[in-house]
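Student: Attaching a predicted model along with its sequence, questions to come.
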Amino acid sequence: MVNGRYYDWEHITIKLKGGTLVDVDSIEYSDEQKLNRKYGKGRKTRGYTLGNKQGSGKLSLMREEYERLIQDADVKAKGLYGIDPVNIIVSFDKGDGVVSTDTLEAVKFTKRSFSGIEQDTEGPTVELEFEILGDIITDGVPA
């Protein structure tokens, strides 16, 4: 039984600094909310407190897309690590009129890794790791 078409790579659009990234190999991101258990008499949890929230991720770009990114005036002036936090917007659209969007708020890049610089590869890539200082908001709903 066919239930319809699922998202695939062509349905995903990634925007950074107002522009659409074209040569992207992958993007991964996650967040977590720390939870501290509180115990009283016995071994069972009596309650809890919430700790810090944190999010992180990585973006893998083809070298050509990375070179376009670093030509941005802000990046050229301050460097990739020096720019103010930016939002990354990931949209999922199958063309059926329903668009789902994840907004990664206040992203700061923390690490660059260069790879694929060898014979018989699909070309050099740059992996950018980042911390999410804000929330991951899915369709207007924060975690």
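Tutor: Ah, there it is. Numbers count the residues shown, from 1 in each chain.

Student: Distance-wise, check the most centrally placed residue in the chain relative to residue 37.
Tutor: Residue closest to the mean C-alpha point of the chain, counted by Cα atoms, centre = their mean, is residue 29 at 4.4 Å. Relative to residue 37, residue 29 is positioned 27 Å away (Cβ to Cβ, to the nearest Å). Bear in mind the C-beta positions are built from the backbone N, C-alpha and C, glycine included.

Student: related to what we said a few turns ago, dump the residue contacts of the residue nearest to the centre of the chain.
Tutor: Under the criterion of Cβ atoms under 8 Å, 6 or more residues apart in numbering, the neighbours of residue 29 are 55-58, 88, 90, 102, 104, 132, 136.

Student: which of these has the most neighbours?
Tutor: Neighbour count (other Cβ atoms under 10 Å) singles out residue 104 as the most crowded of these, with 26 neighbours.

Student: ok, it touching residue 90?
Tutor: Yes: contact criterion Cβ atoms under 8 Å: residue 104 and residue 90 qualify, at 7.3 Å.

Student: What does residue 4 show for phi and psi?
Tutor: Per-residue torsions, residue 4: phi 120, psi 170 (degrees, to the nearest 10).

Student: do the same with residue 82
Tutor: Per degrees, to the nearest 10, the residue geometry at residue 82, taken as phi and psi, is phi -90, psi -10.
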